[in-house]
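Peer 1: just a sequence and a predicted model for now, questions to come.
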Amino acid sequence: MKNINKDKLKRDAMAKARKHPLFKKYSQEARVRILLAAEIYNARTKKGLSQQKLAKNIKTTQKEISKIENGQINVGVDLIYEIAKNLDLKFRIGKTRLL
């Protein structure tokens, strides 16, 4: 049996994935979710709020907040607005400040 180089397999898999037509789209979407997750987590912890308290304030569940902070779900504009308002975050689209 040949000795398999695990690093080479990982590189080959990533190279193959990058060639997929949807790779760039999915990568950009994941990046946005991760950046949003980090901003929300940092603002929430800075204010000393638990996930449960934030969820109660914006009428959602702790599980939903956890998924948002882990970048596991796409978040709608209405929920982003409520979170931003509750955490005193700026909410801007282009040059227009919404909050």
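Peer 2: On my side now, so go ahead. Residues are numbered from 1 along each chain as shown.

Peer 1: okay, Lys47: pLDDT?
Peer 2: With respect to pLDDT, Lys47 has a value of 97.

Peer 1: distance check, the closest residue in space to it that isn't next to it in sequence against Lys53.
Peer 2: The spatially closest residue to Lys47, leaving aside those adjacent along the chain, is Leu87, at 6.1 Å (C-beta to C-beta, 6 or more residues apart in numbering). In this view, the C-beta of every residue, glycine as well, is placed from N, C-alpha and C. Look at Leu87 and Lys53: by C-beta to C-beta, to the nearest Å, they are 11 Å apart.

Peer 1: quick one, which of the two is more surrounded?
Peer 2: Taking other C-beta atoms under 10 Å, Leu87 and Lys53 do not tie; Leu87 has more neighbours (18 against 15).

Peer 1: I'd say Leu79 and Thr61 touch.
Peer 2: No. Leu79 is beyond contact range of Thr61, at 11.4 Å (criterion: C-beta atoms under 8 Å).

Peer 1: ok, which stretches of the chain are helices?
Peer 2: Ranges of helices within the chain are 6-18, 23-46, 51-57, 62-69, 77-86, based on DSSP state H.

Peer 1: contacting residues around the spatially most central residue of the chain?
Peer 2: Most central in the chain under C-alpha atoms, centre = their mean is Arg33, positioned 2.6 Å from the mean C-alpha point. Contact analysis of Arg33 by C-beta atoms under 8 Å, 6 or more residues apart in numbering lists 71-75.

Peer 1: quick check, Ala43 in contact with Leu89.
Peer 2: Yes. Contact status for Ala43 versus Leu89: in contact at 5.4 Å, counting by C-beta under 8 Å.

Peer 1: what subset of the contacts of Arg33 is buried?
Peer 2: Those of those that meet the buried threshold are 71, 75, by 16 or more other C-beta atoms under 10 Å.
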